[in-house]
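Undergrad: Here you go, sequence then predicted model.
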Amino acid sequence: MMYNKTVMDHFRNPRNVGEMDDANGVGEVGNPLCGDMMTIYLKIEEDRIADIKFQTFGCGSAIAVSSMLTELAKGKSVAEAKAITNKDVAQALEGLPKNKLHCSNLGADALQMAIKNYEDGLAGINRPNEQHKEVHRHAEGGQCYCPYCDVEIQEDLTFCEACQSDLEEEH
């Protein structure tokens, strides 16, 4: 598997690594199929991400995604950060191998969970920790897509050939 220079740079020299004791938003996700775990810590001040850190246990792609995600989100307003997608992260990294695209989903999901945690805190809502779960999706016309790599697959498949992922349930 070949990684490009941008991915390798963010893997070898990750930005914004570490825990944040005074975080006012935390999001944690994991993928049981590949074992990656990501935690995103946010410090939001005056509706802007003043600081962002991450802790990731996983492959080089997962670390690179976490690093790039923090770079994309830092300094942004909460609304701008909410608009960051997995595709934005993969594009900023100048691409990921197909079998690693699910890592960009994890990063974007962790950021969204951290923002939700922050907003819940402002509203006085205390939710139990939610578990991230990859779900398949259907587009108009009923096409089915792999939840890990976004490639169109047949409705009854339980294994994605494109990214070599086991799909937990028939869909």
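TA: Perfect, thanks for sending it. Numbers count the residues shown, from 1 in each chain.

Undergrad: does the most centrally placed residue in the chain sit in a helix, a strand or a coil?
TA: In the chain, the residue lying closest to the centroid (C-alpha atoms, centre = their mean) is residue 107, at 1.7 Å. On the three-state scheme (DSSP: H, G, I helix; E, B strand; the rest coil), residue 107 is labelled helix.

Undergrad: shouldn't it be in contact with residue 66?
TA: Yes. Counting by C-beta atoms under 8 Å, residue 66 is a contact partner of residue 107 at 5.7 Å. The way it works is simple: take the backbone N, C-alpha and C, and place the C-beta from them, glycine included.

Undergrad: what sits in contact with each of these two?
TA: Contact criterion C-beta atoms under 8 Å, 6 or more residues apart in numbering; residues shared by residue 107 and residue 66: 38, 40.

Undergrad: one step back: okay, the residue nearest to the centre of the chain and residue 22: tell me how far apart.
TA: Here residue 107 is placed at a distance of 22 Å from residue 22 (C-beta to C-beta, to the nearest Å).

Undergrad: And for residue 62?
TA: From residue 62 to residue 22 the distance is 25 Å (C-beta to C-beta).

Undergrad: And residue 95, by the same measure?
TA: 35 Å.

Undergrad: So if I had to pick from these two, which one is more boxed in?
TA: Each of residue 95 and residue 22 has its neighbours counted (other C-beta atoms under 10 Å); residue 95 has more, 14 against 7.

Undergrad: In which helix or strand does the more buried one reside?
TA: For residue 95, there is no host helix or strand (DSSP states H and E).

Undergrad: That one: what's its closest spatial neighbour, skipping adjacent residues?
TA: The shortest distance from residue 95 to any non-neighbouring residue, by C-beta to C-beta, 6 or more residues apart in numbering, is to residue 4 (6.2 Å).

Undergrad: Let me know whether residue 54 touches residue 68 as I believe.
TA: No. Judged on C-beta under 8 Å, residue 54 makes no contact with residue 68 at a distance of 10.3 Å.

Undergrad: Quick check: neighbours shared by the two?
TA: When C-beta under 8 Å, 6+ apart defines a contact, no residue borders residue 54 and residue 68 alike.

Undergrad: Could I get the full set of helices for this structure?
TA: Assigned by DSSP state H, the chain shows helices spanning 5-12, 60-73, 78-82, 86-92, 101-123.

Undergrad: So which of those is the most surrounded?
TA: helix 60-73 (a mean of 25; mean count of other C-beta atoms under 10 Å).
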